[in-house]
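Engineer: got a sequence here, can you build the structure:
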Amino acid sequence: MDGSSRVDNDWVLQVDVTGVVEESLDVSVRDSVLRVQGRRRVGLKGYRMKPIVGERLYGRFLRLLRLPAGLDARALKFKVENAWLEVRVPRRMARGGIW
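Structural biologist: A predicted model of the protein is given here:
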């Protein structure tokens with residue numbers, strides 16, 4: 001995982017998903033633990049390649065991250081754009097509608 005931050009009232013996580021097969025990408029939350037998993041393919045589509053030198057890991061991956069307290073995991077949203085996965089989880093609204 002590349003980093004998390006607070007943007008407005010959301011907790012935001014960004015993950016580099018370059019080369020990840022989008023259909024294999026799964027983002028879910030269970031018991032306040034964020035789970036991001038997928039599969040990164042080797043090489044270019046349509047070519048059978050055996051890498052000689054590389055800086056990127058390939059194959060299946062799984063990342064688990066405990067969410068900070070006070071977030072509404074049921075309202076989790078994510079999107080993939082320009083090879084970046086962005087996960088947003090809003091802060092839970094306090095009683096009376098006050099943040």
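
Engineer: please report how far V15 lies from K50.
Structural biologist: Going from V15 to K50 by Cβ to Cβ, to the nearest Å gives 27 Å. From N, CA and C alone the C-beta is placed, and that goes for glycine too.

Engineer: these two: which is more packed in?
Structural biologist: Neighbours were counted for V15 and for K50 using other Cβ atoms under 10 Å; V15 has more, 23 against 6.

Engineer: and the more buried one, how close does it get to V7?
Structural biologist: Distance of V15 to V7, given as Cβ to Cβ: 15 Å.

Engineer: same deal with K79?
Structural biologist: As judged by Cβ to Cβ, K79 and V7 stand 14 Å apart.

Engineer: can you pull the contacts of the residue nearest to R92 when sequence neighbours are not counted?
Structural biologist: Nearest residue to R92, sequence neighbours excluded (Cβ to Cβ, 6 or more residues apart in numbering): D72, at 4.4 Å. D72 makes contacts with 89-93, as judged by Cβ atoms under 8 Å, 6 or more residues apart in numbering.

Engineer: any of those residues buried? List them.
Structural biologist: Those of those that meet the buried threshold are 89-91, by 16 or more other Cβ atoms under 10 Å.

Engineer: list the residues that contact L76.
Structural biologist: Neighbour list for L76: 27, 29, 34, 87-89 [criterion: Cβ under 8 Å, 6+ apart].

Engineer: so which of those residues are in helices?
Structural biologist: Nothing among the contacts of L76 maps onto helices, per DSSP state H.
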